[in-house]
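In: below are the sequence and a predicted model; questions follow.
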Amino acid sequence: MLKIAVLVSGGGTNLQAILDAIDCGQLKNTEVTTVISNRKIAYALERAEKYQIDATYLSPREFESKESYAQELIRHIDSFQVDLIVLAGFLVILDKSFIRHFRNRIINIHPSLIPSFAGEGYYGLKVHEEALKRGVKLTGATVHIVDEITDHGPILYQKAVEVYPDDTAEVLQKRVMEQAEWTLLPQAINEFDIWSKLYK
Ligand code: GRF
C-alpha cells in the first residue's frame, strides 16, 4: 500500500482528483493517510473529513521558527509512516530540514510549464496573469520533485494547455486544472514505483 500525505492551503481540487482516482480504481493500492493544511478554513480539510481521512491544521504562524514548524510537520507525517508527500496547492515554503528528511519523496504540482512562470512569487492566479501578460500561446502544468529551491527540483511530468486570445487568468487557471493538473497528479502517484527508482 502506497501511503500518501497531501499538504494543502485551499480548495483542494487536486486532492479531490487523487481521491477520485482512488475511488474509480485508477490508483490502486494507494491511500491518502493524512491531509495537512496551513489554513484553518481550507475546503480541502472538509474534503478529507468527508473521506474520514486525518485532517490536520498546522500553521507556521503558531511556531516560533520555520525549523520548529518543519519539526512538527515531520513528527506528524512520520507518525503515519507515509511513502510520499504531495504538495497540492501548499503555499508555505518548506524549511530545508523538511526537504532533507524526505529527500526525493516530496512532489509538487505547479500550474505552468517549468521553468516558465515559476519560482518565488509565482503561485495561484499570479502564474496565469504573468503567462497572459507575456502572451504565451501554450502553458500547462508540471509535477516535479521538491528540492531546496522553489519550483526547481527534477521534472517528472508536464502537460501543455492552449491559451486562447480572450482568456482571463481565472479562465486559464480552470483550463490548466481540468486539462493538466487533475490528470498529471494521479499519474505521478500511479507511477511512483517507476520514478522513485530513478531518484533515491
Ligand atoms: C493549483 O493550481 C496548484 O497547481 C497551485 O495551487 C492550486 C491549488 O488548487 N499550486 P486546489 O487547492 O488543488 O484546488
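Out: Now that the structure is in, tell me what you want to look at.

In: what residues does this protein put near the ligand?
Out: 8, 10-14, 44, 88-89, 109-111, 123-124, 177, 181 (CB under 6 Å from any ligand atom). For the C-beta atoms, the positions are set from N, CA and C on the backbone; glycine is no exception.

In: mark which of the residues you listed are buried, thanks.
Out: Buried subset of the residues of the chain next to the ligand (neighbour count, 16 or more other CB atoms under 10 Å): 8, 10, 12-14, 44, 88-89, 109-111, 123, 177, 181.

In: sorry, back to before: keep only those of the residues of the chain next to the ligand that are in helices.
Out: 13-14, 44 (DSSP state H).

In: for stretch 31-49, measure first residue to last.
Out: End-to-end distance for stretch 31-49, by CA to CA, to the nearest Å: 14 Å.

In: mind saving the C-alpha coords of stretch 183-193 as CSV?
Out: Output in CSV follows, covering the C-alpha atoms of stretch 183-193 (Å, rounded to 0.1, in the frame of the first residue of the first chain):
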residue,chain,number,x,y,z
THR,A,183,-4.7,14.1,-14.6
LEU,A,184,-0.9,14.7,-14.0
LEU,A,185,-1.0,14.4,-10.3
PRO,A,186,-2.8,11.0,-10.1
GLN,A,187,-0.5,9.8,-12.9
ALA,A,188,2.6,10.8,-11.0
ILE,A,189,1.3,8.9,-7.9
ASN,A,190,0.4,5.9,-10.0
GLU,A,191,3.9,5.8,-11.5
PHE,A,192,5.7,6.3,-8.1
ASP,A,193,7.4,2.9,-8.5
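
In: list the buried residues of it.
Out: 183-186, 188-189, 192.

In: just the ones in helices from these, please.
Out: Those of these lying in helices (DSSP H): 183-186, 188-189, 192.

In: mind listing what residue 180 touches?
Out: 111, 140-141, 159-161 (CB atoms under 8 Å, 6 or more residues apart in numbering).

In: let's see it at 10 Å
Out: 109, 111-113, 139-143, 157-161 (CB atoms under 10 Å, 6 or more residues apart in numbering).

In: and the helix or strand where residue 195 lies, what does it pack onto?
Out: Here residue 195 sits within helix 192-198, counting by DSSP states H and E. Helices and strands touching helix 192-198, by 3 or more CB pairs under 10 Å, 6 or more residues apart in numbering; DSSP states H and E, are strand 2-8, strand 106-110, strand 138-145, strand 155-162.

In: chain center to the first one, what's the gap?
Out: For strand 2-8, the separation from the chain centroid amounts to 9 Å (computed by CA atoms, centre = their mean, to the nearest Å).

In: next one: the last one
Out: Remark: strand 155-162 is offset 14 Å from the chain centroid, using CA atoms, centre = their mean.

In: for the second one, same thing?
Out: Strand 106-110 has its C-alpha centroid displaced from the chain centroid by 4 Å (CA atoms, centre = their mean).
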